[in-house]
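K.L.:
Next one to model:
(2 chains)
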Amino acid sequence: MDARPDRRQFLRVAAGAAAGSVLLTVVPARAVPAATLEAIRQVTGSAPVQPGKVSLTLPPLSENGNSVPLEIRVDSPMTEAAHVKSIHVFTEKNPQPNVVDVHLGPRAGRAVVATRIRLADSQTVTAIAALSDGTFWSASVGVVVTIAACAEEL
Amino acid sequence: MAKGMLNVPARAARGAVIEIKSMILHPMETGYRRTQLGAAIPRDIIRRVVCTYNGTEVFRADLHPAIAANPYLVFPTVATESGTIAITWTGDNGFSVTESAAIAVE
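P.N.:
Take a look at the predicted model:
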């Protein structure tokens, strides 16, 4: 009898091996760098951060990472009893994860802030809002950057 | 030389939410760049922007090197009374600039 595997058997084994290796190399869809996690922990402590309430607006594609418009809105009545205390923005691939920390209160009337930021690479930007009731809410947006900031020499 | 710009509506209804626009000419040198000879360029950024309304702080932002050059910030505040809205930018190398604008609330 011929001990060599036939073509059909070979394909079956090869397909199985391929599927196995795919399963083994699957990584989390978004592995957040340790530096970013640490920066977020500095703000939130051990409190959980829930997705929602925050809307983060950034252009999905940015030609120039040196100046990317960013707007953050938080769904809050902004009263003495329930308001946004602070908003923090973090990046994952900039040399430093912190971008801006904004402190506001009921005197703001609305929780909306706009600025322009630098992005060193295509990456995910995260905004976290700290509310007066002690909860933290977040939103993340992926941005593609064609010309990175911080790359040029003088 | 550094010049701050502050845009506040000249008049507003009492209790209305107004938008304050601010910008200042500043390179926001990150401290991560190098010259072609490899020498590190020291950091020179604005670290803090504080907005006061008749002397009471209503908004504060701590900036990091990831803020673009000529930091631009737009934020709201409630027009509570007539008076002065002022913004102070402070940062590295003793940088400090204050701009103010008058608002009439009726």
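K.L.:
now the residue of chain B found nearest chain A, nearest residue through space, not along the chain?
P.N.:
Nearest to chain A in chain B, going by Cβ to the nearest Cβ, is residue B:17, at a distance of 3.5 Å. Where you see a C-beta, it was placed from the backbone N, CA and C, and this is true even at glycine. Nearest non-adjacent residue to residue B:17, counting by Cβ to Cβ, 6 or more residues apart in numbering or on different chains: residue A:109, 3.5 Å away.
K.L.:
can you pull the contacts of the one you found?
P.N.:
With contact taken as Cβ atoms under 8 Å, 6 or more residues apart in numbering or on different chains, residue A:109 is in contact with A:78, B:17, B:76, B:77, B:78.
K.L.:
The residue of chain B closest to chain A and residue A:110 touch, don't they?
P.N.:
Yes - contact criterion Cβ atoms under 8 Å: residue B:17 and residue A:110 qualify, at 5.3 Å.
K.L.:
Who has more neighbours out of the two?
P.N.:
Per other Cβ atoms under 10 Å in any protein chain shown, whichever of residue B:17 and residue A:110 has more neighbours is residue A:110, with 18 against 14.
K.L.:
Pull out the buried residues from stretch B:55-63.
P.N.:
Within stretch B:55-63, the residues scored as buried using 16 or more other Cβ atoms under 10 Å in any protein chain shown are B:58, B:59, B:60, B:61, B:62, B:63.
K.L.:
now stretch B:99-106
P.N.:
Under 16+ other Cβ under 10 Å, the buried positions of stretch B:99-106 are B:99, B:101, B:103, B:105.
K.L.:
How far off centre is it?
P.N.:
16 Å (Cα atoms, centre = their mean, to the nearest Å).
K.L.:
Regarding chain A, what is its longest strand?
P.N.:
Of all the segments of type strand in chain A, defined by DSSP state E, the longest one is strand A:136-147.
K.L.:
Identify each buried residue in it, please.
P.N.:
Buried residues in strand A:136-147, counted by 16+ other Cβ under 10 Å: A:136, A:137, A:138, A:139, A:140, A:141, A:143, A:145.
K.L.:
Which strands or helices does that strand pack on?
P.N.:
Here strand A:136-147 touches strand A:49-51, strand A:54-57, strand A:61-64, strand A:68-74, strand A:123-131, going by 3 or more Cβ pairs under 8 Å, 6 or more residues apart in numbering or on different chains; DSSP states H and E.
K.L.:
Near residue A:77, how many other residues are there?
P.N.:
Residue A:77 has 12 nearby residues by other Cβ under 10 Å.
K.L.:
so what pLDDT did the residue nearest to it when sequence neighbours are not counted get?
P.N.:
Residue nearest to residue A:77 in three dimensions, not counting chain neighbours: residue A:83, with 7.4 Å by Cβ to Cβ, 6+ apart. pLDDT, residue A:83: 96.
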